[in-house]
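A.B. asks: pasting the sequence and the predicted coordinates here, then a few questions.
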Amino acid sequence: MNAKDLATYAKNTWCPGCGNFSILSAMRSVLAQLDEEGYPIENVVLVSGIGCHAKITDYMNVNSFYSIHGRAVPVATAIKLANPDLKVICFSGDGDSLAEGLDHLIFAAKRNIDITLILHDNRVYGLTTGQYTPTSPLGYKGKSTPFGTAELPINPPELMLACGATYIARGYTHGIDHLQKIFREAIVHKGFSFVDVLQVCVSYFNMYEAYNRRVYELEGNDTSSFDEALKLIRSWNYDGGETKIPLGKFYEADAPRLDQAFSSIKPIGAGKDEKIKLMLENFI
Amino acid sequence: MNAKDLATYAKNTWCPGCGNFSILSAMRSVLAQLDEEGYPIENVVLVSGIGCHAKITDYMNVNSFYSIHGRAVPVATAIKLANPDLKVICFSGDGDSLAEGLDHLIFAAKRNIDITLILHDNRVYGLTTGQYTPTSPLGYKGKSTPFGTAELPINPPELMLACGATYIARGYTHGIDHLQKIFREAIVHKGFSFVDVLQVCVSYFNMYEAYNRRVYELEGNDTSSFDEALKLIRSWNYDGGETKIPLGKFYEADAPRLDQAFSSIKPIGAGKDEKIKLMLENFI
Amino acid sequence: MDDFSTLIGGIAGDGINEAGMTVARLFNRLGYRIFMYYDYPSLIRGGHNFSLVRASRRNIAVHRDKIDVLIALNQETLEQHRVRLKDSSFVIYDADKVKLGDMKQKCCGIPVTQILKEEAAPAVMKNTCILGGFCRVVGMEWAVLEDVLKKHMPKKLEQNLRVARKGYDSAVEFSRVEKTDQQSLPIMTGNQAISLGLIKAGLGAYVAYPMTPSSSVLDFMARVSPDFGIKIVHPESEIAVMLMAEGFAYAGVKSAVGTSGGGFCLMTEALSLAGSAEIPVVIIMAQRTGPSTGLPTYTAQGDLHFVLNAGHGEFPRFVVSPGDAEDAYYWSGVALNMAWKYQVPSFILSDKITSESQYNFDLAAAGEVTEEQPVQWSGQGQYNRYQYTETGVSPLAFAPVQGQKIKSDSYTHDQFGITTEDAKITKEMNDKRLLKERVMARDLEGYETVKVFGDMSSKTALLCWGSNKGVCIEAAQKFGLKTIQVLVLSPFPEQMLKQALSGVETLIDVECNSTAQLSRLAACYGIKTDEQILKYDGRPFSLEDLEAEIGKIEKLGNREKNGNNEKHETLGRISA
Amino acid sequence: MDDFSTLIGGIAGDGINEAGMTVARLFNRLGYRIFMYYDYPSLIRGGHNFSLVRASRRNIAVHRDKIDVLIALNQETLEQHRVRLKDSSFVIYDADKVKLGDMKQKCCGIPVTQILKEEAAPAVMKNTCILGGFCRVVGMEWAVLEDVLKKHMPKKLEQNLRVARKGYDSAVEFSRVEKTDQQSLPIMTGNQAISLGLIKAGLGAYVAYPMTPSSSVLDFMARVSPDFGIKIVHPESEIAVMLMAEGFAYAGVKSAVGTSGGGFCLMTEALSLAGSAEIPVVIIMAQRTGPSTGLPTYTAQGDLHFVLNAGHGEFPRFVVSPGDAEDAYYWSGVALNMAWKYQVPSFILSDKITSESQYNFDLAAAGEVTEEQPVQWSGQGQYNRYQYTETGVSPLAFAPVQGQKIKSDSYTHDQFGITTEDAKITKEMNDKRLLKERVMARDLEGYETVKVFGDMSSKTALLCWGSNKGVCIEAAQKFGLKTIQVLVLSPFPEQMLKQALSGVETLIDVECNSTAQLSRLAACYGIKTDEQILKYDGRPFSLEDLEAEIGKIEKLGNREKNGNNEKHETLGRISA
Ligand SMILES: Cc1ncc(C[n+]2csc(CCOP(=O)(O)OP(=O)(O)O)c2C)c(N)n1
Ligand SMILES: Cc1ncc(C[n+]2csc(CCOP(=O)(O)OP(=O)(O)O)c2C)c(N)n1
Ligand code: SF4
Ligand code: SF4
Ligand SMILES: [Mg+2]
Ligand SMILES: [Mg+2]
């Protein structure tokens, strides 16, 4: 299978230069490769919320559930619980999963459910034309905050670490190879994988230049150490200054998964009538 | 003013021995004292969600908004934004603010809004008869999980620390004096104050014995240190083992508050018609 | 004895529900039909709870205000319920706790506290003790109680039996309940019947966040999940609940959710998603007194129009409101089948009374629930999730299917499932959904969506839905009226209802809400009700309540045989 | 020139909305009345957007399909819209980008790309350039354009003027638009008019989460918040939005929220809270095509029954659906006043067309919006938040009040605001809410809740609500019919509507949904519509659309003067 086979006839309506193209392209390549290596593509289900990011499901010729704003995670969780053989990948926005649907994200981490979440973290509401999101820097001026926000941003990987996610990484839409690497790791990882992608929105928050100047790739960090992961994660707090921004895998661990507890529950075939009748006896 | 003046005619319907009585009694004392000291009681507004904990608003003869399940925080936030002179105190349950309304809690911390949240953390859904909550230990057997949960609990103070709360403490309903101390600190603190109270539910999760054996009061810890706070907080992960459980203040800091940004916005009195007419000119 | 009501009261935590069940089981053993109303406030310990168990030779589904036996474990029970006593009633009481005062009735004190002490029995055994006394008072054989305890109280059985026996021995027989020649039947709540109906029709997953009066479905499903291989999830919120249910459905697992008003509100956005993306899902919506938190443990029928119109945009839905356990079992099965046959949201609209009352359940009478298979994809050509067909129903397939893609979409989409903003497709997809509704409505003509009871020739009929079925049937009987129960509320069975109305000149609507919601719905189809008897204080109609109200209706007052003109302060009546 | 339609099209990001506004302003300067429909898909850059600006000597609130001028910035615009051209139309196009092919119409190419290059102007200035050409083509004075640009494009004004002038100079005059003697009026969207109405009536806080087509209220409010001292909050979700609005109201700050279907779903739980706790709050509910995500940037009237019945339990609500900017301004003020007068949730039910279209706005004609004061507590005795009164409305007080406690409660509560489960109080509080609804309904008899337009003596009337007002009034005129606009939908103005219907024999319902929601609502009051003209493809009725549909109705076909029998594939029509 070739990455191109994973395209659809849907017309792509992202802005020229949007970071989402990198995510799309990296994900197509990774899934095509995985198919070659024996993770069949028909076992993959993509789930998205609503926002620019979410259009990705229309652009990938893969099973998908194009859900509603903020709700990719519970849909994905149930698909995994329903059929543990499926690989379930969520595409979500920062408005989507850090504002509207934040609780679901935290519970995915807490449950360590074996799904992957790619956060298209452009730090704005793209599709509704550029309002601030939970990761916008202090003072960000969008339509709902024309005089600048008065709130500090949230640090999503830090939140995920506090909540029990077992794979946490950061990517950047300038650099498809690196994205491929972490997407692949995240998908293969057993447990909840969270990838914060600094996805540049060229129309409302063009950070290419700033990010290019500030990002660096992690090397040799001990990804099994909670403390080290936390330190690296906290080294940049999504502010607008000149702090360096680490990219790559922060943390990976092994922990019990909710889907494991469900995998043995199978519908009973025959004998249901008998069981019901027996049960009715107990109601007498 | 005497604590007794803060009682109402409502019949108390908590179970005999319920930890909520300690919270009620400690809060009445603190508010009565504060009234004496010049924080007038009519400037206090209590806001609650729904659950056993929430009944406290009926039992306190203080301004109150008895809200809906999981939604105390947004109501309280707006009351504070509407009138910065009010002291707004939320009473919430672990089901209430860690499940149904988790996102609001996180945003209160992120915004560092100057309200106080007392979490009646009995680690069960009391009023709906004992189902597991996000802080129930792994394997907890409740009505919805008769064979035991398969999820690790969340650590609420850790979450709050990651999200920007500027006052974080833990109390225990065995020991009213200590509760009074932290309630008072939390209320007086400027910014978002979070108090996790290990509130024993005698009917569904009677932890008195276990807690009595395991709790200890913090002394001399550096509450201005994020790292030390985190270490102490993470020293107990809400599991069911024999780890010691620290009580007291973990963290206190000063940071910009959302309510500050709003305090200067005041309704304009006269001249509105003129302004509208002028504005209409610009629409031509 | 034809009709016998027993009330047992005490504080929450005393096990009053279970004690009521024991009474019900005793009568059931003797071949009586039973109905039990359980009344409790929203608290865990203390307060006042009572179980009102009515036993009759006939099928019943309503309680009476007046009682034949009052079992008082505490003083409050006696005080609160003495108004219910007839001269012929008996009172059984804990002689160590309750002061009788002046009583016209035959009273029998049981030294409960003392007996418990003698047996070193825990406090909760006071129920067993006083129920021992109850059996003796009403003249039931010891063996009947022994049998019930053995089956239903296996824990500390020996001690329970000793305590009960002492209660039995310390009482006196005032009367003798005869055995009937009817068979005993299972006794269950509406929620249990709903659960069994869903399980029978093939439920694979149940997802819920606790909320009275739906929570006992979650309890029951969780307990039986290993027996039937049902996946149970209790997630973070009702929003997650509904979306998880839809995730299960996407993956081919038949799912249901359960909630009440406030939780249902949170599901409406995903309800609309189910409408757009054509995802089958069953919603058990158990009504309680609103608005908002209202009275969590009391009843209402206040959410009919909300359920009929919830969710933005237009899409078909199936809504059924069962009136007792047998309806609940059968129609819950139908609801699951309809959801999957037409790929629509499907509602089981219940309330506190249907959900939590105890009914006799006759599997044979309930109707056969089958496990229908949805239209499956043929495997030919390319799979299109939203394929146009003659019924509007697109065949289903579930991942993984080799070489195919299954695409579900909340946006307006084309047949393959890709988002479109095209005007023509927008209209076509809307028409597809409307077509499904018409086909479903036609299909439902084969079901008894409207049921008629009582005197078929009567020119006056009571109109009801949901839990008022039982009270209407019985009150109508008394006045020689007809009762029309509307079971399916969407697609609205206009023809069936009009048929049922043929010959009816006076139509009296009976509802537990303040705006006559079924009347309003019927009015949209040109059906006018002449009178509305409405109750909206959280309490269900007792038989006497409704009889009194019917009696007040001028044209009917004189037809009442033994009318009761007590004033019912809590009843509202508006004229059409 | 009596009626003149101009279409300008291009890709998203080209500033097509603003370009349309410039066209509208030009005509406005000449004293024409305008209406602008803006059509865009849900994307940020690319795709195809167009603004359809109609100018007329009379007041208008609908577009025509046929256009007089097509301004094509790209090839797609020409291809998509050439069907709209009449033989007499003109085409203005970017000569460097668009290939004309065979055209019957007079065409004028402007070397836009070249001009921009000459002036080193950024790409977005192509609009100014081509609009320069447009002015010349339709024979508008240069000074008019200069004036518009000076006022509305202060940024890079000089460059803009140069670019526009070159466009102007490179074009030829095909006709000459005359000045009328009418005054220019403000031009604004319905959302801006809603905002101003709310501000005028005393709004203190606006809380919203962005959602098309309501988002521009948030934008506008945020921009003007310093001018009027309005607190703006854009929180984490619509759930937070609604609860924050209620928190503001508790503290005495008049608040409103804005959303569309999916967001509104998330507000329904707190809506019910507002019902129970009697909290005033205004909800701007701007409809779009559903169900679910549907078509985010297209229109519908699919949520009427949802809004009328949303939230569990029964409680009164005020619902108004404005049909143009003047309605929007006036009735939004009324909505805020009603919310506070009766302490109920109050809806401004809009849609993409009313919300985002550009209308002329005549403050004098709109009606005076006042800032009414709610019933305030007298300060005597003990304050009881839920005091029983003759109107059901309890006086308000806001913390801090020395010596008093203000207790708000979602549970059933007593007059002081403490939770109760008492049956009698439960009924009383319900009756209190119903009483408020009756008093509010009586109050509304003093308002024009139903408006009638057109030939009052006509036996045939069009029935409409919301954004179909404009199209109905104009189409009715052509056929000599009457138009009945239902403005207030709850409490339903039954009497007013029946009055408006007197003499009407044929009632034709016109709606943008597939199930004739207003017809269904009217049916509940015994009002039958004879025909329903329904459109549900996301696009509003054009004048031609509706005229054609009316023409198809047999009894009316022959009354049409210059009927047009084109087939309208996207229209549905069902018979009553
Ligand atoms: C319940 C609900 N509220 C609001 C919206 C409107 N809406 C659509 S996309 C969006 C924001 C998307 O932002 P984000 O998740 O960051 O995605 P992006 O467009 O930036 O990729 C919003 C608010 C919606 N569709 N549903
Ligand atoms: C939307 C909604 N869902 C469910 C409920 C039912 N409910 C009432 S209290 C409660 C749980 C309360 O648990 P917690 O917040 O821990 O409070 P506690 O009773 O333990 O103090 C639930 C689920 C509700 N009232 N509203
Ligand atoms: S608006 Fe931003 S995120 Fe959306 S498509 Fe354009 S560049 Fe990408
Ligand atoms: S159930 Fe638990 S939390 Fe609720 S009142 Fe009883 S002891 Fe307290
Ligand atoms: Mg974003
Ligand atoms: Mg709890």
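C.D. replies: It's in. Ligands and ions are numbered 1, 2, ... in the order given.
A.B. asks: in the stretch 351-500 of chain C, which residue sits nearest chain B?
C.D. replies: Of all residues in the stretch 351-500 of chain C, residue C:356 sits closest to chain B, at 12.8 Å by Cβ to the nearest Cβ. In this view, the C-beta of every residue, glycine as well, is placed from N, C-alpha and C.
A.B. asks: residues in contact with residue C:63?
C.D. replies: Contacts for residue C:63 (Cβ atoms under 8 Å, 6 or more residues apart in numbering or on different chains) come out as C:5, C:35-37, C:52, C:54, C:540, C:542-543.
A.B. asks: which one is the residue in the stretch 101-250 of chain A that ligand 5 sits nearest to nearest to, not counting chain neighbours?
C.D. replies: When scored by Cβ to the ion, the stretch 101-250 of chain A has residue A:122 as its residue closest to ligand 5, at 4.3 Å. Computed as Cβ to Cβ, 6 or more residues apart in numbering or on different chains, the closest residue to residue A:122 that is not its neighbour in sequence is residue A:201, at 3.8 Å.
A.B. asks: tell me the secondary structure at residue C:319.
C.D. replies: Put simply, residue C:319 is strand when judged by DSSP: H, G, I helix; E, B strand; the rest coil.
A.B. asks: who in chain A is up against ligand 3?
C.D. replies: Proximity of chain A to ligand 3 is confined to A:14-15, A:18, A:20, A:52, A:122, A:126, A:201-204 under the rule Cβ under 6 Å from any ligand atom.
A.B. asks: circling back to that earlier point, give me the pLDDT for the closest residue to the residue of the stretch 351-500 of chain C closest to chain B other than its chain neighbours.
C.D. replies: In space, residue C:356 comes closest to residue C:213 once its chain neighbours are excluded; the distance is 5.1 Å by Cβ to Cβ, 6+ apart. Model confidence at residue C:213, expressed as pLDDT, equals 98.
A.B. asks: got it, and residue C:572?
C.D. replies: We note a pLDDT of 47 for residue C:572 in this prediction.
A.B. asks: for residue A:1, same thing?
C.D. replies: 85.
A.B. asks: and which of the residues of chain A next to ligand 3 is nearest to ligand 4?
C.D. replies: Closest to ligand 4 out of these is residue A:122 (43.5 Å), distances taken as Cβ to the nearest ligand atom.
A.B. asks: what sits against the closest one?
C.D. replies: Shown here is residue A:122, whose contacts under the criterion Cβ under 8 Å, 6+ apart are A:19, A:52-53, A:93-94, A:199-201, A:204-205.
A.B. asks: wait, what's in contact with the closest residue to ligand 1 within the stretch 401-550 of chain C?
C.D. replies: Among all residues of the stretch 401-550 of chain C, residue C:410 sits closest to ligand 1, at 8.9 Å; criterion: Cβ to the nearest ligand atom. Applying Cβ under 8 Å, 6+ apart, one finds that residue C:410 lies in contact with A:50, A:66-68, C:273, C:276-277, D:292-294.
A.B. asks: mind redoing it with 10 Å?
C.D. replies: A:48-50, A:54, A:65-69, A:71, C:246, C:269-270, C:272-277, C:279, C:419, D:262, D:290-294 (Cβ atoms under 10 Å, 6 or more residues apart in numbering or on different chains).
A.B. asks: which of those fall within helices?
C.D. replies: C:246, C:269-270, C:272-277, D:262 (DSSP state H).
A.B. asks: with adjacent residues omitted, what lies nearest to the closest residue to ligand 1 within chain C?
C.D. replies: When distances are taken as Cβ to the nearest ligand atom, chain C reaches nearest to ligand 1 at residue C:269, 6.1 Å away. In this structure, residue C:269 finds its nearest non-sequential neighbour in residue D:265, 3.6 Å apart by Cβ to Cβ, 6+ apart.
A.B. asks: from what I see, the one you found and residue C:267 are in contact.
C.D. replies: Yes - contact between residue D:265 and residue C:267 holds when scored by Cβ atoms under 10 Å: they sit 8.4 Å apart.
A.B. asks: need the overlap of contacts for the two.
C.D. replies: Each of C:239, C:273, C:310-311 lies in contact with both residue D:265 and residue C:267 under the rule Cβ under 10 Å, 6+ apart.
A.B. asks: return the subset of those residues lying in helices.
C.D. replies: Applying DSSP H to the shared contacts of residue D:265 and residue C:267, the entries found in helices are C:239, C:273.
A.B. asks: and the helix or strand hosting residue C:338, what's buried?
C.D. replies: Assigned by DSSP states H and E, residue C:338 belongs to helix C:325-342. If you call a residue buried by 16 or more other Cβ atoms under 10 Å in any protein chain shown, then helix C:325-342 has these buried ones: C:325-342.
A.B. asks: now do stretch A:83-98
C.D. replies: When burial is assessed from 16+ other Cβ under 10 Å, stretch A:83-98 yields the following buried residues: A:83, A:86-98.
A.B. asks: ok, and the most crowded of the shared contacts of residue D:265 and residue C:267?
C.D. replies: residue C:273 (33 neighbours; other Cβ atoms under 10 Å in any protein chain shown).
A.B. asks: wait, that one sits on residue C:243?
C.D. replies: Yes - Residue C:273 is in contact with residue C:243 according to Cβ under 10 Å; the separation is 7.7 Å.
A.B. asks: shared neighbours of the two, anything?
C.D. replies: Among the neighbours of residue C:273, those also in contact with residue C:243 (Cβ under 10 Å, 6+ apart) are A:65, A:67-68, A:71, A:75, C:267, C:281.
A.B. asks: closest to ligand 4 out of those?
C.D. replies: For the shared contacts of residue C:273 and residue C:243, the nearest to ligand 4 is residue C:267 (26.2 Å; Cβ to the nearest ligand atom).
A.B. asks: check which helix or strand covers the nearest residue to that closest one once chain neighbours are set aside.
C.D. replies: When the adjacent residues along the chain are set aside, residue C:267 lies closest to residue C:242, with 4.0 Å between them (Cβ to Cβ, 6+ apart). Under the criterion DSSP H and E, the helix or strand holding residue C:242 is helix C:238-250.
A.B. asks: thanks a lot, see you next time.
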